[in-house]
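> sharing a model prediction with you, sequence too.
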Amino acid sequence: MFRKSNLKTLGITFGVLLAMVVITHFVDQSKGVNTLKSVLFEVNTGDVNTVVVYPKMLDGEKIELKKEGDNWRVLADGKNYNGDAGVITGLINQVNALKPLRLASRSKDNWEKFELTDSLSSKVQLMNNGEELASIYIGKFSYRQANQNAMMMQQNPYYRGPQGTMTTYVRSGDDTEVYAVEGFLGSSINRDVNAFRNKQLLKVDKSNLSKITFTYLADSSFTMVKNEDTWMCDGVALDSAKVADYLGRITSLRGSSFTDEIPGMYTHTVQIQDKQMAISEIKALVQSDEVTMTSNQNQGSLFKENKDANFSKLFVSKSELEE
């Protein structure tokens with residue numbers, strides 16, 4: 001009798017617990033607990049041939065990034081520039097398959113709170129031949145400092161505690177939901193047109209070079225030629241360490257700022273020839289402490305920067321390379 005009573009009690013208890021689990025499950029579903037997406041959206045990046053960016057800082061003005069063959073072009077304000085493929089493909093990969101940390105809101109009424117209205121947010125559209133594949137709005141950014149271990153900091157002056165948490169709030173397409181994602185996403189999007197332009201001034205393989213010609217307005221032009229493993233000028237060997245240092249400095253040069261002012265003339269030219277007879281040419285106009293530079297590796301782009309930047313690395317005198 002006692003055993004039957006225990007079994008009956010256990011049965012009732014199990015039934016109550018099962019009912020509670022079922023009720024909790026449906027209540028959670030109604031609240032959206034189980035609606036968190038694994039990714040906001042995921043497109044085939046190979047299908048993306050246009051990216052349209054609406055940075056918040058440009059107040060509704062757009063920047064179009066268009067793929068032409070293997071190259072990217074940047075279109076803005078009626079102008080057309082060479083694009084930085086690394087920056088643009090990096091942006092596509094960053095917003096594609098973005099994983100939410102949590103659901104921050106399900107209501108459109110909270111868009112302003114998270115800076116996700118059209119006027120408060122930045123926007124990115126991924127397109128294929130004029131058809132939108134996906135879009136994302138980037139809104140408010142927040143940073144939460146991690147708790148530091150005071151004792152460890154006192155005991156070890158080199159102690160670096162855990163990093164803080166960076167969170168960006170986003171929404172996708174026409175969805176009303178607001179999601180929190182990890183990172184400072186706005187830093188990749190809320191930028192001006194120059195951030196997406198190709199800044200390459202020169203890129204060469206120093207081991208594959210055969211000849212470098214420096215042409216200056218004054219009587220100081222010279223040519224250095226590689227004879228087997230030795231760089232020479234006018235039949236005289238140059239200092240190998242100085243030449244190696246020079247070639248190491250010019251292997252990869254990137255401009256810092258652009259200009260639309262086309263010079264009427266150039267004061268300095270350097271031509272760098274490789275073993276396959278291909279020539280990279282950089283021209284420069286020096287005006288006081290500033291210099292305007294252009295390169296045939298980045299046709300149509302003009303850089304204006306301080307003379308002590310790339311110009312001083314690239315344009316040298318013969319005496320700087322002699323023994």
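Happy to help now that I have it.
> what about residue 114, how many residues nearby?
By other C-beta atoms under 10 Å, 22 other residues sit near residue 114. Placement of C-beta: from N, CA and C, glycine included.
> likewise residue 316?
Residues near residue 316, counting by other C-beta under 10 Å, number 18.
> then residue 89?
By the measure other C-beta under 10 Å, the count of residues near residue 89 is 17.
> just give me the neighbour total for the closest residue to it other than its chain neighbours.
By the measure of C-beta to C-beta, 6 or more residues apart in numbering, the closest residue to residue 89 outside its immediate chain neighbours is residue 45, 7.6 Å from it. Taking other C-beta under 10 Å as the criterion, the count of residues near residue 45 is 13.
> same check on residue 261?
Residue 261: 9 surrounding residues under other C-beta under 10 Å.
> swap in residue 84?
Other residues near residue 84 number 21, with proximity taken as other C-beta under 10 Å.
> so where's the stretch 101-250 of the chain shaky on pLDDT?
Under the criterion pLDDT under 70, the flagged ranges of the stretch 101-250 of the chain are 146-163.
> next up, phi/psi of the residue nearest to residue 89, please.
Dihedral angles phi and psi of residue 45 (degrees, to the nearest 10) take the values phi -60, psi -20.
> dump the residue contacts of it.
Under the criterion of C-beta atoms under 8 Å, 6 or more residues apart in numbering, the contact list for residue 45 reads 89, 92, 93, 96.
> now, of these, which are buried?
Those of the contacts of residue 45 that meet the buried threshold are 89, 96, by 16 or more other C-beta atoms under 10 Å.
> so can I have CSV of the contacts of residue 45 showing distance to residue 172, pLDDT and secondary structure?
Rendered in CSV, the data for the contacts of residue 45 read as follows (distance: C-beta to C-beta, whole Å; pLDDT from 0 to 100; DSSP: H, G, I helix; E, B strand; the rest coil):
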residue, distance to residue 172, pLDDT, secondary structure
89, 20, 97, helix
92, 15, 97, helix
93, 16, 96, helix
96, 11, 95, coil
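> and which of the contacts of residue 45 is nearest residue 225?
Of all the contacts of residue 45, the one with the least separation from residue 225 (C-beta to C-beta) is residue 89, at 38.6 Å.
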